[in-house]
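Trainee: Build me a model:
(chains A, B and C)
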Amino acid sequence: MKPANFDYHAPQTLAEAVELMVRLEEEGVDAKILAGGQSLMPMLAMRVARPEVLVDLGRIKSLDYVRQEGGVIAVGAMTSKRAAEESVLIEQQQPLFHAATKLVGHRQIRNRGSVGGSFAHADPASEYPAVALVLDMAFKAVGPEGERTIPATDFFVTYMTTSLESTEVLTEVRLPIMPAGTGWAIQEFARRNGDLALAGVAMTLKVADGVCADARLAAFGVNATAVRLTAAEDFLAGKRPERAMLEQAAALAAGSLDEPMSCVHASADYRRHLIRVLAERCLAEAVGRAA
Amino acid sequence: MTTKQRICVTVNGVRHEREVEPRLTLADFLRHELALGGTHVGCEHGICGVCTVMIDGRSARSCIALAVQADGCQVTTVEGLRDRATGHLHPIQQAFVEAHGLQCGFCTPGFMMTTLELLTENAEPSDEAIKEALGGNLCRCTGYEAIIASVRLAAQRLREQKNA
Amino acid sequence: MAIKIPTLPEQLPAAKPRFVGKEVKRVEDPGLVSGSAEFIDNLSLPGMLHCAILRSPHPHARVAKVDTRAAEALPGVIAVLTGEDVRRWSNPAYTAPEGWGAYCIAVDKVRFVGEPVAAVAAVSRYVAEEALELIEVEYDVLKPVPTPAVAMAANAPVLFEQHGGNVIQSRVYNWGEVDRVFAEADHVVQNTFRWNRVGANPTETFGCICQWDLSDNSLTCRGSYQTPRFWAMARALALNLPTNKVRVISHPMGGGFGGKGGPRGTDIAALLSRKSGGRPVKYIEDRMEYLLAGFGQSWDRYYDAALAVKADGTVTGLKVKLIDDQGAGTEGWGTISVAKPLAAFTGSYRIEAAQYDTVLVATNRAPTGPYRGYGPPPHFLVLESLMDMAARKLDIDPAELRRRNYIRPEQFPYTIPSGNEYDSGNYEAVLDKVLAMSDYRGLRESQARWRAEGRLIGIGVVSTVEPGVFDWNAYATVGVQGIGVPEGAKLAFDMLGSLTVVVGFNLQGQGQFTVAAQVAADYWGLDLSAVKVASAPTDIGPPSFGQGGSRLGVAITGAVLGACEKLKAIFCQVVAHLMQTTPDQVELMDGRLRLKANPQVGMSLAEVAGTMLGRSDLLPPGMEPCPEATFVWTAEGRNMPDDQGRCRSYLTAANATHVVMVEIDRDTGCTEILKYFIVDDCGTRLNLANVEGQLQGALAQGVGAALYEEYVYNDEAQPLVTTFVDYLMPTIHEVPMATKDFVITPSPVAPLGAKGCGEGAIHTTPAAVLCAINDALAPLGVEITETPASPHRVWKTLRQAREG
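Mentor: Predicted coordinates for the structure are as follows:
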């Protein structure tokens, strides 16, 4: 199908973009931000989304960067996933984010898809929001009131909804540099290579004095948003990273989930089961990586 | 009534200035505005990869890009592969012919554009790297085996060309 | 003059054929890799309008009112078509059996989600789609019929009122003494199977540009047409046009595989052209339309089948009960897929008796269409699964069980119980080759080792027969008429000896232009690149069917050779006359007409053709100055079916055995194909790369059907799989690269000994993969008998094993 009609603006600066969003809001116009378009455009093509106006951030050069700021890697929201994938800084200092980036779709999607877009779009099957929760990422947004920083825990509200105001633009995502010796893993189950995940787990943990510490696990693809698996995290604290313990943790992780979604490819039961399997596998992998 | 946008897109080295509706996809712009029909449309929702072109040197699905987003960009399509001076097929095109990497040919331009990107980055890709690169392009005719062989052959030819 | 078509490449008038049977570059390819091939959506005509179709959101409803005024008023909209127009100007689709078709736009009721209810022609597709949103339709929703069970229940809603019920056809075929062999069997293995809807999904969807000429009441349709002449005839009947006033110009197609919708789209575009004063109207079906309503759905089946087996492993009888969900009518010719299995009902085996109990049912799902294989792929899944069950029961290796039951080489031509005659074969040689190539014993050893480690490893060894070169009589029992599938070719030399081969079809990917060129080039001693192949529109081209039923490679070879033989005879007459001898003293060899007694003396093709066209004074009296010949080929020896549908239908029988090794992930239910081996025998291989391409491509579709693809409907007959997000086409990652080899057992009855091979692997792969999966699951006492064997399905089955 062809997209329904819309008006289009391509502001050259962030200030222009915000001003525009404010004006459109005041006029009661339904406007959507266009970043890479890899998620939004298919929705327009299927006519499941019909915004009256698209605001294209693609001309704003100031939102494309990857740089270290102290203990954090700051990534401009319009940085392509491709650039994030190729960033040596990210690969070395935040390998979980690097791995998650590589799992996204196919190269064409990563070429044009923006880092910020997946967070703002908040598709429940997306890897990035789960990683945000695990890493306790922070998000910078700029609106008419100025800039604010939103922690990951406050960012994802529900199905495809974030706490960004309709007049705000996500400008930066901030990845904590991974401390040395941290174990991490991300695994997902999809029907085909590159498909949206039916279920996935992302995690980090440390092993200190022979026991697990600071386990942080999140599931994606199963509920309206990515969710922390705190039952498993609490269980793991102080436990030896042995198979039996990891299996129990994984079972707790799966058991603690709110009723998962169901679709033609996977029932709620199956998704819950997949989380257990993936959690087990991720735990083994992460423990293997932990120094 | 939406406002048309004036855009300037360079396609295969040739500059084009047009006024377009914002919702015009890049695929439709190339195919119908510029009569470059070699880029095909298979699903129009960004999955099959049949519409793959290069935008500023990166492979992209043109059915989910807007023509207005390509303003100021360099776009390469299958029509730009052939050597302009001699008329000879590009080594990638030639390799697909020799290794039988096509049957109906509808998905082939998309595969060749992705191949162009791959071989620009990686002159000697392993079969794994080839599969990783081509995972976003669907073919219904060949079962992919001859496509992999074509990419290998193209890589070899380009290396030979470079060494010569 | 009796034309004798060569039945082996050695019989061609060439000392050493350079092209037939060799590795050649395809003549089609340069245009395709340049992007200059004119697929239909690349063509624009002056004044052309664009069509968009409004489709029903309801599976079953009366159409109470259609208000198009707002749409008509939208700037850029030129014409709007409704059921009223269509009722006035056209007829419901012709179907087999008769009376189960509908108008191209719903007239009184809609019977499936996606059925057209109105259509718009506007200055762009974008505007046309805007206009659709302005059309108001009032529906009186009716209770939907989502499945055959509901369709056949008492008081079920009826789709086609004139029939009073939803059973399209119910018929039992009995071949041989089925009851006796089952009574005398030492074992009967029985099972039920569910094959879910899958479909062709070529990368190019259907498209056409139709132009109605109001001045002489004629119609030209250009488009992605697989069988153009058949189309032209059907459009004429549907649109009340004289049959010689419809011209179909087939464009190169981006794949077809049978399931490329088009009748409704064509008729709608044609009538919009009529309504817009004769402007050309382009309709490009988009992917979502294709998935909903584009003949892209096939094989929605419920099987209950059994095998009668003796203690020594001899399989004596096969019973198959099939309930086939045809969807909302048979306009897509989905009924043929129920009849076609007759052509190879008992597969590779000497099974002496069989029964086929078929019920074809109408439901509110989309009407099914043709898909590569056209019926046998699910049938072979059933047969081969039963063979494996028998093997397990008797504790015989599945490869060995097949070997014991194969038709023996000396038994050909072999008439199977359902009546078709297999031309030739050497099934044991194929089996031996694939078992050796795959190191079958080694595979079983690996399986045992890995099983001991707790892994779920399975091996499938599956054999099938691919019936090739179809004829209509195979489908007589579902109401299809006629015998003979004419395929014509015209060969024409010009004054300078350049050759053009005119055919009646266009490119679809299988390389038939190259095959035609190879045959002609070797016959006349020309370079491959010197032969031009041209596609003629239906009004001026030879009788032709086009691609379908694994026939065209063989049929066009027959047509080209027939024309070659005719032309050779004429050239020999010319040369004989000029050299004052008799035609039987002249022969063609390596591109020269020469005296048998003195081969140095002769004439080139250019000289002969040039003489014919430029020196009529030198020609024999009464000879036409015409270095051209047309030959129309169809398989000989076909006959009318008897009351059990038995007849000689498909001319050739190719054979293949696949060996596949899979591993099932216990935790996720995911199946990984570890190894895949194919040995096939399709007689003379006219073009090696073509055949290999058909095998690997059909393998990919078979993997799709076995593991990934499925059209899902809910209990309200609403389709849930409507985009490529959910219809899972295999990517490069999902398709195994099969190791292949072949055997050549030429056909004694087909041109150059070639057998039809275009459908090939899709007959075998789903059976091979499912048999391997069930081999993996056998130790757990569970099985999968539903396709696709998705991870979710397999996981549920594994859970039963744990709980059971």
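Trainee: Mind telling me which residue of chain A is nearest chain B?
Mentor: A:His106 (2.8 Å; CB to the nearest CB). C-beta here means a position set from N, CA and C on the backbone, and glycine is covered the same way.
Trainee: I'd say that residue and A:Arg192 touch.
Mentor: No - A:His106 lies out of contact with A:Arg192 (CB atoms under 8 Å); the separation is 10.5 Å.
Trainee: With neighbour numbers in mind, choose between these two.
Mentor: A:His106 (24 against 15; other CB atoms under 10 Å in any protein chain shown).
Trainee: Quick check, pLDDT for the spatially closest residue to C:Arg111 that is not a sequence neighbour.
Mentor: Here the nearest residue to C:Arg111 in space, its sequence neighbours aside, is C:Ala328; by CB to CB, 6 or more residues apart in numbering or on different chains that works out to 3.7 Å. As predicted, C:Ala328 sits at a pLDDT of 97.
Trainee: Now do C:Ala328 against chain A, distance only.
Mentor: 21 Å (CB to the nearest CB, to the nearest Å).
Trainee: residues near that residue, how many?
Mentor: C:Ala328 has 29 neighbouring residues, counting by other CB under 10 Å.
Trainee: Which positions in the stretch 51-200 of chain C make contact with chain B?
Mentor: Within the stretch 51-200 of chain C, the positions near chain B by CB under 8 Å from any CB of the partner chain are C:Tyr126, C:Ala200.
Trainee: Whatever residue of the stretch 51-200 of chain C ends up closest to chain B: helix or strand, and which one exactly?
Mentor: For the stretch 51-200 of chain C and chain B, the shortest gap (CB to the nearest CB) falls at C:Tyr126, measuring 6.9 Å. Using DSSP states H and E, C:Tyr126 maps to helix C:125-132.
Trainee: Low-confidence stretches in chain B?
Mentor: Where chain B drops to pLDDT under 70, the residues are B:1.
Trainee: Got the domain ranges for it?
Mentor: Domain ranges of chain B: B:5-80, B:91-163, per automatic domain parsing.
Trainee: For chain B, which segments count as strands?
Mentor: In chain B, the strands defined using DSSP state E lie at B:5-11, B:14-20, B:52-55, B:58-61, B:74-76.
Trainee: Which strands or helices does the second one pack on?
Mentor: Here strand B:14-20 touches strand B:5-11, going by 3 or more CB pairs under 8 Å, 6 or more residues apart in numbering or on different chains; DSSP states H and E.
Trainee: So in that sheet, which strands flank the strand it packs on, and in what orientation?
Mentor: With DSSP bridges as the test, strand B:5-11 is paired with strand B:14-20 (antiparallel), strand B:74-76 (parallel).
Trainee: now what about the helix holding C:Tyr126, what contacts it?
Mentor: A:1-2, A:4-5, B:21, B:23-24, C:50-54, C:71, C:74-77, C:80, C:118, C:120-122, C:284 (CB atoms under 8 Å, 6 or more residues apart in numbering or on different chains).
Trainee: before we move on, the earlier item: deepest in the core, which of the strands paired with strand B:5-11 is it.
Mentor: Comparing these by mean neighbour count (mean count of other CB atoms under 10 Å in any protein chain shown), strand B:74-76 ranks first with a mean of 21.
Trainee: what sits up against that strand?
Mentor: With CB under 8 Å, 6+ apart as the contact definition, strand B:74-76 has outside contacts at B:9-12, B:26, B:30, B:53-57, B:113, B:116.
Trainee: starting at the chain centroid, how far to it?
Mentor: Counting by CA atoms, centre = their mean, to the nearest Å, strand B:74-76 is centred 9 Å from the centre of its parent chain.
Trainee: Check stretch B:122-133 too.
Mentor: Here stretch B:122-133 is found 17 Å from its chain centre; the criterion is CA atoms, centre = their mean.
Trainee: Tell me which helix or strand A:Val287 sits in.
Mentor: helix A:268-289.
Trainee: Remind me what that helix packs against, helices and strands.
Mentor: strand A:183-189, strand A:199-208, strand A:211-220, helix A:243-255, helix C:791-803.
Trainee: ranking those by burial, who's on top?
Mentor: strand A:199-208 (a mean of 26).
Trainee: coming back round to it: gap between the residue nearest to the residue of chain A closest to chain B when sequence neighbours are not counted and B:Cys48?
Mentor: Sequence neighbours aside, B:Gly136 is the residue nearest to A:His106 in space, at 2.8 Å (criterion: CB to CB, 6+ apart). According to CB to CB, to the nearest Å, B:Gly136 and B:Cys48 sit 9 Å apart.
Trainee: cool, and A:Leu257?
Mentor: To B:Cys48, A:Leu257 is 34 Å away according to CB to CB.
Trainee: okay, those two: which has more neighbours?
Mentor: Remark: of A:Leu257 and B:Cys48, B:Cys48 carries more neighbours, 28 against 19, as counted by other CB under 10 Å.
Trainee: surely that one meets B:Gly42?
Mentor: Yes - counting by CB under 8 Å, B:Cys48 touches B:Gly42, with 4.0 Å between them.
Trainee: which neighbours do these two share?
Mentor: Taking CB under 8 Å, 6+ apart as the criterion, B:Cys48 and B:Gly42 both touch B:Cys107, B:Leu138, C:Thr203, C:Arg287.
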